[in-house]
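> build me a model from this:
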Amino acid sequence: MEKFLLIILIWTCSVAWSDDTKKGCVDKIDRVLAPETSEFSLAWPLAERSLKYPFVIRYQKKQDQKKAQEVRQYLEKSWEIQVEKLGFRPPFSYSVNKSGHLNVFLQRGGDTAVEGIYPVEKKDVWWDAYQVTISIDAWGDYAGDILDSTMAHEFNHTLHAAYDWFETAGFFETSATYIQDKVFPEDNDYLKQIVDFQRHPDWSIDRNDDYETWFMYGASLYLFFLEDSYFKKNPQFLAQIWEGSRNSPRPIDPKTSLPAPETNEPDWIDALEKILPPGKNYADTVVEFARWRFYTGSYDDGKHFHDAHLQKIEGGVYIKKKLSGSFQKYKSSGPMLLGTEYIELECPNEKDKINIRFTGDNRVRWVIQAMPALTPNSDGEFIEAQGVVSFGNLKKRVLAVTPCPLDNSYDPDTRTDKRYSFSLEQRK
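Got it, this is the predicted structure:
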């Protein structure tokens, strides 16, 4: 469960806001990490240094050298892909002796986490960046066959700290999980997490569920969609989003020991909208994504997600309700804002269409789509609130029902878990 605690662990030592609290936290870290102290040398007597990049793997026992070398190789690959090829800024490393080397600590039974130690204090760094270290349990639950992905994931968190240490929490995990596939495409560990995401399509894509599930990790499916649909299969867009999300250091709310959510401006969605095609906004992408995520699991058509076939049936999006062709009325508590509810309709006997009447909460703009498509070169069509669902030669079709903001503005930091109810009935 260490990965579920990642951001909490990060914030535990980085968000220390009063002078006394900060001193207590940093003093504790200094006793463990300060490279020039004798106590540090006793605790971490051995090191595996990279000759390619400025980082060092610290370990405690000679028999762990092979594991340290393995981690070094994974981290070198992660640095090469993420910094040199994808365009992320390199991390700001915590190093009291100013060597600039990123310290990576290997320990059995410890936490797998990135820790923010100090804010970066440089004249040319005006934004809220942090110095970091990495700790890795290279023998634990996130090691073995997925240690490569774990290193890519954790290293990506160090890069987040180089931009905005207090960006929306879920986007840390969404980004790092997406990056796993870019560094180690042969390791499909991230697909297991997408399954949890597909089980909750009614949640807002950016929802922070406080690590109760793998939802925030599996939301990487949305980034795969953006890459394919908007950025010509070029994953460099993610570094551009992080670059555009940088904030100046912000006041801290004493009640939460975090900056007030509404002060996170720009946020990652603001940054995304600046690099989308003219006339497109976040809500537009979510509506299109509602169609894309339908084509997973048993509905994979080979034209959407490149790994959808690996998800099998359990990776398909959750269908909330299945209605027979003779249904009269269906009422739903509805999805969250920019979440989507999926409803399966069965073709009525001796008919090829159903006339529907849709009524929903008027505080949002409702978008209804039907899949699979009836025409070539399409993956679905929009349905009017008092419209017709045609079936053609299909026995069943699925409606995707999505509540959107009336003015298309959306803030991931201030959104709530409120649901928007609707009803669907047949018209004669």
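> okay, now the unreliable bits of this protein?
Scanning the chain for pLDDT under 70 picks out 1-41, 96-99, 308-310.
> the helices in it, which residues?
6-14, 19-33, 38-43, 65-79, 147-160, 169-183, 190-198, 215-218, 220-229, 237-244, 268-275, 282-292, 308-311 (DSSP state H).
> mind listing what's buried in the fourth one?
Buried residues in helix 65-79, counted by 16 or more other C-beta atoms under 10 Å: 67-68, 70-72, 74-79. Every C-beta, even on glycine, is put in place using the N, C-alpha and C of the backbone.
> so which of the residues you listed comes closest to residue 109?
Taking C-beta to C-beta as the measure, residue 67 is the one of these closest to residue 109, at 14.0 Å.
> quick one: contacts for that closest one?
59, 106, 138-139 (C-beta atoms under 8 Å, 6 or more residues apart in numbering).
> separation between the residue nearest to residue 47 when sequence neighbours are not counted and residue 419?
Leaving aside its chain neighbours, residue 47 sits nearest to residue 56 (5.1 Å; criterion: C-beta to C-beta, 6 or more residues apart in numbering). Distance, residue 56 to residue 419, using C-beta to C-beta, to the nearest Å: 49 Å.
> higher neighbour count, the two?
residue 56 (21 against 18; other C-beta atoms under 10 Å).
> isn't the more buried one right next to residue 68, touching?
No - counting by C-beta atoms under 8 Å, residue 56 does not reach residue 68; the two are 9.6 Å apart.
> list residues touching both of those two?
Contacts common to residue 56 and residue 68, judged by C-beta under 8 Å, 6+ apart, are residue 48.
> reformat the helices of the chain as a markdown table; add distance to residue 300.
Formatted as a markdown table, these follow (distance: least, C-beta to C-beta, whole Å):
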| stretch | distance to residue 300 |
| --- | --- |
| helix 6-14 | 30 |
| helix 19-33 | 47 |
| helix 38-43 | 50 |
| helix 65-79 | 29 |
| helix 147-160 | 23 |
| helix 169-183 | 17 |
| helix 190-198 | 12 |
| helix 215-218 | 16 |
| helix 220-229 | 13 |
| helix 237-244 | 24 |
| helix 268-275 | 26 |
| helix 282-292 | 11 |
| helix 308-311 | 4 |
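> out of those, nearest to residue 375?
So among the helices of the chain, helix 282-292 is nearest, using C-beta to C-beta, at 13.8 Å.
> packing partners for that closest one?
helix 220-229, helix 268-275, strand 365-371, strand 396-404 (3 or more C-beta pairs under 8 Å, 6 or more residues apart in numbering; DSSP states H and E).
> which helices and strands sit right next to the longest one?
Contact analysis of helix 220-229 by 3+ C-beta pairs under 8 Å, 6+ apart lists helix 169-183, helix 190-198, helix 237-244, helix 282-292 as its packing neighbours.
> tell me the most buried of the ones you listed?
helix 169-183 (a mean of 24; mean count of other C-beta atoms under 10 Å).
> which ones are touching residue 328?
For residue 328, the contact set (C-beta under 8 Å, 6+ apart) comprises 425-426.
> residue 423 versus that one, what's the distance?
11 Å.
> so which bits of stretch 251-267 are buried?
Counting neighbours by 16+ other C-beta under 10 Å, stretch 251-267 gives 252, 258-259, 261, 263-264, 266-267 as buried.
> next, check these against the strands and list the overlap.
Using DSSP state E, the members of the buried residues of stretch 251-267 that fall within strands are 252, 258-259.
> about what we covered before: which of the contacts of residue 67 sits closest to residue 412?
residue 138 (33.4 Å).
> do you know which of the helices and strands packed on helix 282-292 lies nearest residue 240?
Using C-beta to C-beta, the helices and strands packed on helix 282-292 put helix 268-275 closest to residue 240, at 5.4 Å.
> which strands and helices sit next to the closest one?
Against helix 268-275 (3+ C-beta pairs under 8 Å, 6+ apart) you get helix 237-244, helix 282-292.
> if you set the cut-off to 10 Å instead, what comes out?
helix 169-183, helix 220-229, helix 237-244, helix 282-292 (3 or more C-beta pairs under 10 Å, 6 or more residues apart in numbering; DSSP states H and E).
> chain center to it, what's the gap?
Distance, stretch centre to chain centre, for helix 268-275: 15 Å (C-alpha atoms, centre = their mean, to the nearest Å).
> returning to what we had before: tell me which of the helices of the chain lies nearest to residue 368.
Nearest to residue 368 among these is helix 282-292; the distance by C-beta to C-beta comes to 10.0 Å.
> angle of the closest one against strand 396-404?
160 degrees (axes from the mean of the first three to the mean of the last three C-alpha atoms, to 10 degrees).
> now do the contacts for the closest residue to residue 180 other than its chain neighbours.
The shortest distance from residue 180 to any non-neighbouring residue, by C-beta to C-beta, 6+ apart, is to residue 149 (4.3 Å). If you count contacts by C-beta atoms under 10 Å, 6 or more residues apart in numbering, residue 149 has them with 74, 78, 142, 176-177, 179-181, 183-184, 186-190.
> related to what we said a few turns ago, the residue nearest to residue 47 contacts residue 106, correct?
No - look at residue 56 against residue 106 with C-beta atoms under 10 Å: they stay out of range, at 11.1 Å.
> joint contacts of those two?
44, 48, 68.
> with respect to residue 413, which of those residues is nearest?
Nearest member of the shared contacts of residue 56 and residue 106 to residue 413, counting by C-beta to C-beta, is residue 44, at 37.8 Å.
> what's near enough to touch the nearest residue to residue 330 once chain neighbours are set aside?
Of all residues beyond its chain neighbours, the one nearest residue 330 is residue 424 (4.7 Å), with distances taken as C-beta to C-beta, 6+ apart. Contact analysis of residue 424 by C-beta under 10 Å, 6+ apart lists 321, 323, 327, 329-332, 343, 345, 354, 356-360, 368, 385, 399, 401.
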